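Trainee: build me a model:
(one chain, ligands or ions: 1)
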Amino acid sequence: MNQTLESWLGDQIQELHDRHLYKVPKILETPAGGRVRMNGREVVNLSSNNYLGLANHPNVKQAAAEAVERWGVGAGAVRWIGGTMSVHDELEERLARFKRVESVLVFTGGFTANSGCIPAVLTNQDVVISDELNHASIIDGVRLSPAAYRKSEGWVYAHKDMDALDDCLRRASEKGFAKKMVITDGVFSMDGDIAPLPQIVDLCEEHDAFLMVDDAHASGVLGKNGAGTASHFDLYGRVDIQLGTLSKALGVVGGYIAGSKRLKEWLINRGRPYLFSTAHPPMVAAALIASLDIMENDPEPMNRLWENTRRWKAMLAEAGFDTMGSETPITPVYVGDEAKAQEMERLLFEEGVYALAIVYPTVALGKARLRTMPSAAHTEQDLADALAAFIKVRDRLG
Ligand SMILES: Cc1ncc(COP(=O)(O)O)c(C=O)c1O
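Mentor: The predicted model follows:
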């Protein structure tokens with residue numbers, strides 16, 4: 001049977017509607033702060049990854065504006081083709097010092113850092129062992145590699161299950177793969193829990209595997225000045241590859257791979273999104289250097305982030321909401337049913353709170369939740385207003 005593209009798209013989109021999985025982005029009319037105007041309404045914003053409030057920080061904006069004057073608005077080309085602007089190199093040097101690693105290579109996004117790095121370090125002689133709740137960009141990066149990785153072949157372990165990881169590593173050694181890679185989120189992006197990194201590092205060392213940690217949601221949140229999970233657990237030098245994002249706590253956009261000098265050299269030559277895609281505008285690099293200055297010298301934003309995180313979790317728990325054991329600012333409020341979660345999001349918005357319903361395929365079917373993110377930009381009043389709305393909507397929906 002021949003089907004046109006348009007009729008196929010129509011069927012697929014209808015199915016998304018029928019299954020309550022259809023997404024429509026709301027229109028944000030102000031900077032991404034604690035209180036925003038969205039779709040014409042003033043709301044408390046609980047759905048931004050702007051953890052430290054840096055996306056609209058005056059120093060960061062000023063650095064970007066000055067960089068536009070100095071460098072113009074575009075990098076002009078891929079870095080190895082058109083030349084690397086010194087501001088891009090400076091950012092990488094700063095990030096390497098911040099992470100206490102030999103080298104850092106910046107990509108234009110966290111997603112592209114995963115899809116650039118993972119396939120570049122694997123061959124068809126290798127295996128990737130992955131936590132079942134790893135982020136989509138890890139899964140896609142792994143799929144781009146020729147290594148063995150499939151769940152059906154036993155290379156995906158149950159979430160944070162260290163016996164299951166040990167078993168995978170044992171089986172992988174028996175099968176004689178050339179390299180074994182273990183990969184995990186540092187902070188799990190939809191559940192807000194932290195990977196048991198000390199145990200994972202020990203297991204990797206015991207079984208001669210190398211480890212990659214995706215610290216997208218730990219960057220700016222955990223560790224010294226927000227240096228991530230390796231810093232949080234004092235595992236400097238024991239994580240082979242760390243991914244960080246520049247799009248969330250650092251307030252701008254981008255991702256980076258932190259590791260050895262040799263790793264950087266290899267990714268410059270074999271990391272396809274680096275090799276075949278234009279560099280960030282220079283103002284992005286300059287703004288990120290300003291964000292790092294703030295993170296390294298002013299503890300206030302991170303202190304406020306954690307104060308608000310503790311406050312918000314305690315408020316929700318006291319009101320009887322299930323926050324799914326989250327340990328970081330990412331605070332899911334469990335609902336389960338997709339339709340109910342979407343209805344709750346809609347009613348909360350009417351009450352002046354934006355808390356996104358997260359449904360399949362971002363999380364498993366039947367595990368829908370409202371994902372709330374307290375940040376340094378929220379006031380006590382914002383959180384009190386948000387809680388009042390949550391209680392009102394819950395009572396209304398029974
Ligand atoms: C764990 C994880 N890795 C990578 C990414 C991608 O980062 P970016 O938004 O910088 O592309 C995300 C984004 O949500 C994430 O949660």
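Trainee: the residue in the stretch 101-250 of the chain that the ligand sits nearest to and Ser137, how far apart?
Mentor: Going by CB to the nearest ligand atom, the ligand is nearest to Gly110 of the stretch 101-250 of the chain, at 2.3 Å. Just so you know, the C-beta spots here come from the backbone N, C-alpha and C atoms, and that holds for glycine as well. According to CB to CB, to the nearest Å, Gly110 and Ser137 sit 6 Å apart.
Trainee: and the next helix or strand past the particular helix or strand that has Pro273 in it?
Mentor: Of the helices and strands defined by DSSP states H and E, Pro273 is found in helix 272-275. Going down the chain from helix 272-275, the next helix or strand is helix 282-297, by DSSP H and E.
Trainee: Gly110 and Ser137: who's more crowded?
Mentor: Gly110 (25 against 22; other CB atoms under 10 Å).
Trainee: enumerate the residues of the stretch 201-350 of the chain near the ligand.
Mentor: Residues of the stretch 201-350 of the chain lying near the ligand by CB under 6 Å from any ligand atom: Asp214, Ala216, His217, Thr245, Ser247, Gly255.
Trainee: how about the third one, what does it touch?
Mentor: Read that as His217. For His217, the contacting residues are Asn49, Asp185, Gly186, Val187, Phe188, Ser189, Gly192, Thr245, Lys248, Thr328, Ile330, by CB atoms under 8 Å, 6 or more residues apart in numbering.
Trainee: next: the last one.
Mentor: The contact partners of Gly255, taken as CB under 8 Å, 6+ apart, are 106-114, 216, 243-247.
Trainee: which ones among those map onto helices?
Mentor: Gly110, Phe111, Thr112, Ala113, Asn114 (DSSP state H).
Trainee: same list, the residues you listed, but as a markdown table with pLDDT and distance to Lys26 please.
Mentor: A markdown table is the format used below for the ones in helices among the contacts of Gly255 (pLDDT from 0 to 100; distance: CB to CB, whole Å):
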| residue | pLDDT | distance to Lys26 |
| --- | --- | --- |
| Gly110 | 98 | 22 |
| Phe111 | 98 | 21 |
| Thr112 | 97 | 25 |
| Ala113 | 98 | 27 |
| Asn114 | 98 | 27 |
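Trainee: from those, which is closest to Phe276?
Mentor: When these are compared for distance to Phe276 (CB to CB), Thr112 wins out at 10.4 Å.
Trainee: that closest one - how many residues pack around it?
Mentor: Thr112 - counted by other CB under 10 Å - has 19 other residues nearby.
Trainee: can you check the pLDDT for the residue nearest to it when sequence neighbours are not counted?
Mentor: The shortest distance from Thr112 to any residue other than its chain neighbours is 3.9 Å, reached at Pro273 (CB to CB, 6 or more residues apart in numbering). Listed pLDDT for Pro273 reads 96.
Trainee: can you pull out the strands in the stretch 201-350 of the chain?
Mentor: 210-214, 241-245, 255-259, 331-336 (DSSP state E, counting those that start in this stretch).
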